[in-house]
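Undergrad: structural data only, the sequence is not supplied:
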Ligand code: PGA
């Protein structure tokens with residue numbers, strides 16, 4: 001696990017966009033694992049800028065989103081299909097047939113989940129997986145108690161997640177109760193994982209994920225087992241880390257870090 005602490009949200013967006021862009025530049029048909037939520041909005045804006053101003057080319061890129069609400073059609077404004085189209089896909093040159101977002105309206109969820117896992121494998125696996133974190137420590141919609149070996153499946157959302165996400169809906173009762181989500185085991189197979197978090201409401205989940213035990217009670221903690229996970233945090237999200245000074249020291253003392261730091 002590598003922990004990077006920044007003063008500003010924009011720095012998280014730029015640092016994470018650089019990882020994604022480097023992946024695409026070294027492998028034009030890279031497979032991206034993508035997340036929704038408010039946290040990666042700055043990353044997606046930066047990728048759109050890089051496409052427009054620097055020619056970052058998505059024409060051969062494949063993508064897989066982490067999750068979707070069950071019951072929301074792709075044109076529903078709160079669906080993750082819609083979110084991805086509005087915030088990233090329509091701003092870049094990714095081919096529609098290379099985009100994968102779990103279906104919230106399939107007639108056969110079990111078959112769809114199996115197909116989704118197979119499709120990731122057929123594409124050669126995920127090169128870089130973008131993650132946010134829930135205030136309950138979830139990654140994708142793997143709520144506390146999820147098996148750390150879980151695969152793509154239907155998950156019942158926790159009350160905390162429904163409360164957190166109700167800000168996007170007219171009323172709490174409109175938040176779907178079920179989601180289709182990649183599993184913890186699916187996420188762990190990505191070759192590189194980048195987790196982004198900002199704001200004090202993420203501080204406890206981040207401390208549990210980085211410094212707590214590996215536990216299904218905070219599914220993000222499984223990243224401790226991943227050989228190449230990078231965590232980009234702002235100072236508020238890093239606020240409860242006991243070893244924050246050490247993480248900053250590590251980055252300052254890295255070969256190639258600016259002199260005098
Ligand atoms: P957020 O959601 O980015 O909107 O805070 C993160 C998550 O629930 O994974």
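TA: Cool, the structure landed. Nothing here was measured: the structure is a model prediction, and the numbers come from that model. Numbering: from 1, shown residues only.
Undergrad: can we go C-alpha only for contacts and neighbour counts from here?
TA: Fine.
Undergrad: residue 99 bridge partners, please.
TA: residue 63 (DSSP bridges).
Undergrad: got the contact list for it?
TA: Residues counted as contacts of residue 99 (Cα atoms under 8 Å, 6 or more residues apart in numbering) are 62-64.
Undergrad: restrict those residues to those near the ligand?
TA: The subset of the contacts of residue 99 within reach of the ligand, by Cα under 6 Å from any ligand atom, is empty.
Undergrad: ok, of the residues you listed, which one's closest to the ligand?
TA: residue 64 (15.4 Å; Cα to the nearest ligand atom).
Undergrad: wait, that closest one sits on residue 118?
TA: No. The criterion here is Cα atoms under 8 Å, and residue 64 misses it with residue 118 at 11.8 Å.
Undergrad: more crowded one of those two?
TA: residue 64 (22 against 13; other Cα atoms under 10 Å).
Undergrad: residues in contact with that one?
TA: Neighbours of residue 64 in contact, by Cα under 8 Å, 6+ apart: 31-34, 99-101, 120.
Undergrad: can you do 10 Å?
TA: 31-35, 98-102, 116, 119-120, 125-126, 129, 182 (Cα atoms under 10 Å, 6 or more residues apart in numbering).
Undergrad: identify the residue nearest the most centrally placed residue in the chain in space, chain neighbours excluded?
TA: With the centre of the chain defined as its mean C-alpha position, the nearest residue by Cα atoms, centre = their mean is residue 131, 1.7 Å away. In space, and not counting its chain neighbours, residue 131 is closest to residue 195: 4.5 Å by Cα to Cα, 6 or more residues apart in numbering.
Undergrad: same thing with residue 210?
TA: Distances taken as Cα to Cα, 6+ apart put residue 221 closest to residue 210, at 6.2 Å, once the chain neighbours are dropped.
Undergrad: related to what we said a few turns ago, derive a ChimeraX selection command for the buried subset of the contacts of residue 64.
TA: Buried residues within these, by 16 or more other Cα atoms under 10 Å, are selected in ChimeraX with:
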select :31,32,33,34,35,98,99,100,101,102,116,120,125,126,129,182
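Undergrad: of the contacts of residue 64, list those near the ligand.
TA: Okay, of the contacts of residue 64, nothing touches the ligand (Cα under 6 Å from any ligand atom).
Undergrad: looking at this, the residue nearest to residue 131 is in a helix?
TA: No. Under DSSP: H, G, I helix; E, B strand; the rest coil, residue 195 falls outside any helix and is assigned strand.
Undergrad: and it, what are its bridge partners?
TA: Here residue 195, judged by DSSP bridges, has bridge partners residue 131, residue 231.
Undergrad: could you measure it against the ligand, distance?
TA: Distance, residue 195 to the ligand, by Cα to the nearest ligand atom, to the nearest Å: 9 Å.
Undergrad: also residue 198?
TA: Taken as Cα to the nearest ligand atom, the span from residue 198 to the ligand is 8 Å.
Undergrad: run a quick neighbour tally on that residue.
TA: So residue 198, with other Cα under 10 Å, has 25 neighbours.
Undergrad: so who does it touch?
TA: So residue 198 contacts 5-9, 12, 38-39, 132-133, 206, 232-238 (Cα under 10 Å, 6+ apart).
Undergrad: try residue 256
TA: For residue 256, no contacting residues are found, by Cα under 10 Å, 6+ apart.
Undergrad: three-state assignment of it?
TA: coil.
Undergrad: who in the stretch 1-150 of the chain is up against the ligand?
TA: 37-39, 132-134, 139-140.
Undergrad: and those, which are buried?
TA: Here, 16+ other Cα under 10 Å leaves 37, 39, 132-134, 139-140 buried among these.
Undergrad: and of those, the nearest to residue 87?
TA: residue 37 (10.6 Å; Cα to Cα).
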